[in-house]
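Chemist: Just the structure for this:
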Amino acid sequence: MDSELLKSSLSSRIDPVLKHYGKNKLASVLVVIYGDDPIIVMTEKPKHLKLHAGEISFPGGKFEPTDSDLLDTALRETREEIGLRISKNQVIGQLEPVMTLNSSFMILPFVSIVDKITSLSANSEVERIFHIPLNPFLKTMNNDPNPAHNRIQEMYTFEYQNKTIWGASARILKQIVNRLNS
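Modeler: Numbering: from 1, shown residues only. Okay, here's the model as predicted:
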């Protein structure tokens, strides 16, 4: 899979404001894909966090009143969490919002595809940064076997280095799979 196919499949209109999110808190993430042989960047949260401890996720976080919109949130959080500066013009699209299972966040995912990235450095909200080869990773998709996880909507899992990616992150990845297969 080359970057042109990725860009054409994942490009979309960007509307960084969610108008209908109920009582959920707002958050956004940035799906960063880079390189000729596409690599996707994900993070592992530290086990001591109150929310999402030990989970594998995309860089991102909660909307703050100082953010002008959810795209600003995703770019700010990516810069803070992993030290990666992505500009608004490097964001090519967004995916459908997803809801977290336990913490009541409505997350708007944005997508950036770049040729290369600088070295990354994790802040205190990140235990580890993963650089995952996209094609083999997406082929690990399975239906989530945990019945408790299926309360919100269809649930999936992905595997990388004996780690299971599930929940909102897996539903974001499933949207990427769907777009690449359409």
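
Chemist: got the residue ranges for the strands in the protein?
Modeler: 25-34, 39-44, 56-57, 60-62, 91-94, 98-99, 105-114, 128-133, 142-143, 156-160, 163-165 (DSSP state E).

Chemist: Parallel or antiparallel, list what pairs with the third one.
Modeler: When you say that, I think you mean strand 56-57. Note on strand 56-57: by DSSP bridges, its sheet partners are strand 39-44 (antiparallel).

Chemist: so the partner strand versus strand 105-114, what angle?
Modeler: Angle between the axes of strand 39-44 and strand 105-114 is 140 degrees (criterion: axes from the mean of the first three to the mean of the last three Cα atoms, to 10 degrees).

Chemist: Rounded mean pLDDT for strand 39-44, please.
Modeler: For strand 39-44, mean pLDDT rounds to 97.

Chemist: re the thing from before, looking at the strands of the chain, which is closest to residue 75?
Modeler: strand 25-34 (6.7 Å; Cβ to Cβ). (Each C-beta comes from the backbone N, C-alpha and C, glycine too.)

Chemist: who does that closest one touch, helix- and strand-wise?
Modeler: strand 39-44, strand 60-62, helix 70-82, strand 105-114, helix 167-181 (3 or more Cβ pairs under 8 Å, 6 or more residues apart in numbering; DSSP states H and E).

Chemist: Pull the distance from it to the chain's centre.
Modeler: Distance of strand 25-34 from the chain centroid (Cα atoms, centre = their mean, to the nearest Å) equals 4 Å.

Chemist: buried sites along that strand?
Modeler: For strand 25-34, the neighbour count (16 or more other Cβ atoms under 10 Å) marks 26-34 as buried.

Chemist: Hmm, residue 43 is touching residue 131, no?
Modeler: No - under the criterion of Cβ atoms under 8 Å, residue 43 makes no contact with residue 131, lying 10.8 Å away.

Chemist: More neighbours: which of these two?
Modeler: Ranked by neighbour count (other Cβ atoms under 10 Å), residue 43 and residue 131 place residue 43 first, with 25 against 13.

Chemist: What's the separation between that one and residue 22?
Modeler: 27 Å (Cβ to Cβ, to the nearest Å).

Chemist: same question, residue 75
Modeler: Distance from residue 75 to residue 22, by Cβ to Cβ: 25 Å.

Chemist: In terms of packing, which of the two has more residues around it?
Modeler: The neighbour comparison of residue 75 against residue 22 (other Cβ under 10 Å) goes to residue 75, with 25 against 7.

Chemist: Next up, the contacts around the more buried one.
Modeler: Going by Cβ atoms under 8 Å, 6 or more residues apart in numbering, residue 75 touches 30, 86-88, 91.
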